[in-house]
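Visitor: how would this look folded up:
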Amino acid sequence: MRLETVLNFVIDANLALLVAALVVLVFEAVLLAAGYRRAYGTRLKIVMTSLLALLVLPLLVPVTETVVGPNTPQVSDLLVAQYLRGNISMSAVGMNDLLSMRQTVVDGIVSGNSGWLLAAAAFVVTAMIARAGYVGVNLIRICRLIRGGVVIRRIGRVRVVVSSRAKVPFSTRGPRNHYVVLPQSLLLDSKAVEISIGHEFQHIRQRDIEIEVLTALASPLFVLNPGFWIMSMKLRKLREYTCDLEYLKRSGCDPKHYARALLRVARQAFSQQGVPSPQAFSVPFIGRSKLFPKSVKTGLAERITVLANGERKRPPALISAALIVGIVSSVALGTIAFQNRAGWSHDRLMLSSVANLERLNERNRRAAATAQ
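Guide: Numbering: from 1, shown residues only. Below you'll find the model as predicted:
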């Protein structure tokens, strides 16, 4: 595979995810403005629909181009049109260089003629390798926890494992089986054990484990993409809210007892030292520590507030269907708009001609100045 093909794939994939994140922010803002802040299931559906649109993007783009026509305006076309109308104040050479930046970057890396571009590419590759190493370490850590634990119960393809090395309850999966891992110290609190197992089983029902695995595997490719971290943050926060509320609805557990169990498990985890908890390939009961334990405490406070207030009634089915269609269409159209399509529009050719004339005039001016 050619290096240019790989670079274009990485750029296209990151642009598509960034478009999807922007679509999520816009549609979620509309939902919040309409008074559905506490419709956590619908908000989660917005994120999931956007991610699903990315997965089926190779099928969506040809269909979208067929519906709206092959000459769908791209971002570059819109910028050129605004420039030619005088709404953008800069030289033709500057505008042409701006629009050609992507191809310039790709050509500079492939040819190896630009030192700073090679340095930037090396930084990106280093970040991707570091993230892949982080994901690999977490995978090894989870495998060791499960192998070193004791299976106390088997329910279908779910294994409940007790480990002395685990700090918090979490769920994960292997090629065949799902695993719910409990800290050995938690066994002294039967109510916390019951709630932890029920919560993690709800994650398994919601397919949250599979989504977490896919997110972890894809993270090296998007490690420097802010859209990836925005989507990950929203996905994990909303799925916890949804899981908490669905478990309460299914089990009939008192929200106060549930909140107390959350706090007991968190307090126990903060007091323990030693092997850090896995942060990839797993869904922990009390959330992720991120960089500081304080972030977990903030997340727990938000979850307890959600438990106290409950979930608001979700939007009508017609509105939900319109949201899904709008999200999928927006992701597809937005991705097409940022594609590196072969060939130039008439306006782009005109801009290039003006830029060439500017360069020619600049050379003539310098030649005249030198002759004097």
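
Visitor: tell me which residues of the helix or strand where residue 229 lies come out buried.
Guide: Assigned by DSSP states H and E, residue 229 belongs to helix 226-251. For helix 226-251, a neighbour-count test (16 or more other Cβ atoms under 10 Å) marks 227-228, 230-232, 234-248 as buried. Bear in mind the C-beta positions are built from the backbone N, C-alpha and C, glycine included.

Visitor: where do the helices sit along the stretch 151-300 of the chain?
Guide: Under the criterion DSSP state H, counting those that start in this stretch, the stretch 151-300 of the chain contains helices at 190-205, 208-218, 226-251, 255-271, 293-309.

Visitor: packing partners of whichever helix or strand comes after the last one?
Guide: Helices and strands here follow DSSP H and E; after helix 293-309, the next one along the chain is helix 317-338. Based on contacts counted as 3 or more Cβ pairs under 8 Å, 6 or more residues apart in numbering; DSSP states H and E, the elements that helix 317-338 packs against are helix 3-33, helix 40-55, helix 57-68.

Visitor: could you tell me the angle between helix 317-338 and helix 40-55?
Guide: Relative orientation of helix 317-338 and helix 40-55, computed by axes from the mean of the first three to the mean of the last three Cα atoms, to 10 degrees: 30 degrees.

Visitor: check the offset of helix 317-338 from the chain's centre.
Guide: With Cα atoms, centre = their mean, to the nearest Å as the basis, helix 317-338 stands 17 Å off its chain's centre.

Visitor: where in this protein is pLDDT low?
Guide: Applying pLDDT under 70 to the chain flags the ranges 1, 58-73, 272-277, 288-297, 340-345, 347, 372.

Visitor: go again with 90.
Guide: 1-13, 15-16, 31-39, 41, 51-117, 164-168, 185-192, 251-257, 260-282, 284-372 (pLDDT under 90).

Visitor: next, count neighbours for residue 82.
Guide: Residue 82 has 12 neighbours, counted by other Cβ atoms under 10 Å.

Visitor: numbering from 813 from now on, please.
Guide: I'll keep to 813 as the first residue from here, and by that count the last item is residue 894.

Visitor: what does residue 1065 show for phi and psi?
Guide: Main-chain dihedrals, residue 1065, degrees, to the nearest 10: phi -70, psi 140.

Visitor: what number of residues lie near the residue nearest to it when sequence neighbours are not counted?
Guide: Spatial nearest neighbour of residue 1065, excluding adjacent residues (Cβ to Cβ, 6 or more residues apart in numbering): residue 1007 at 6.6 Å. By other Cβ under 10 Å, 25 other residues sit near residue 1007.

Visitor: pretty sure residue 1007 contacts residue 1067?
Guide: No: counting by Cβ atoms under 8 Å, residue 1007 does not reach residue 1067; the two are 11.1 Å apart.

Visitor: so what sits against both of these two?
Guide: When contacts are counted by Cβ atoms under 8 Å, 6 or more residues apart in numbering, residue 1007 and residue 1067 have no shared neighbour.

Visitor: let me see the contact set for residue 837.
Guide: Neighbouring residues of residue 837 by Cβ under 8 Å, 6+ apart: residue 1042.

Visitor: and the longest helix for this structure?
Guide: Counting residues, the longest helix found in the chain (DSSP state H) is helix 927-960.

Visitor: buried stuff in it?
Guide: Result for helix 927-960 [16+ other Cβ under 10 Å]: buried residues 929, 933, 940, 943, 946, 947, 950, 951, 953, 954, 957, 958.

Visitor: can you tell me the helix or strand for the nearest residue to the second one once chain neighbours are set aside?
Guide: Think residue 933. Nearest residue to residue 933, sequence neighbours excluded (Cβ to Cβ, 6+ apart): residue 921, at 5.1 Å. Assessed by DSSP H and E, residue 921 sits inside helix 913-923.

Visitor: now for that helix, which elements pack on it?
Guide: Using 3+ Cβ pairs under 8 Å, 6+ apart: helix 913-923 touches helix 815-845, helix 927-960.

Visitor: buried residues, it. List them.
Guide: Under 16+ other Cβ under 10 Å, the buried positions of helix 913-923 are 914, 917, 918, 920, 921.

Visitor: how about those in JSON lines, adding distance to residue 1180?
Guide: Formatted as JSON lines, the buried residues of helix 913-923 follow (distance: Cβ to Cβ, whole Å):
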{"residue": "914", "distance to residue 1180": "35"}
{"residue": "917", "distance to residue 1180": "34"}
{"residue": "918", "distance to residue 1180": "36"}
{"residue": "920", "distance to residue 1180": "32"}
{"residue": "921", "distance to residue 1180": "37"}
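
Visitor: between the residues you listed, which is nearest residue 1140?
Guide: residue 914 (25.7 Å; Cβ to Cβ).

Visitor: ok, back up a step: contacts for the helix holding residue 921?
Guide: 815, 816, 819, 820, 823, 909, 926, 929, 930, 933, 1152.

Visitor: for the first one, what are its contacts?
Guide: Just to be clear, that refers to residue 815. With Cβ under 8 Å, 6+ apart, residue 815 has these contacts: 921, 922.
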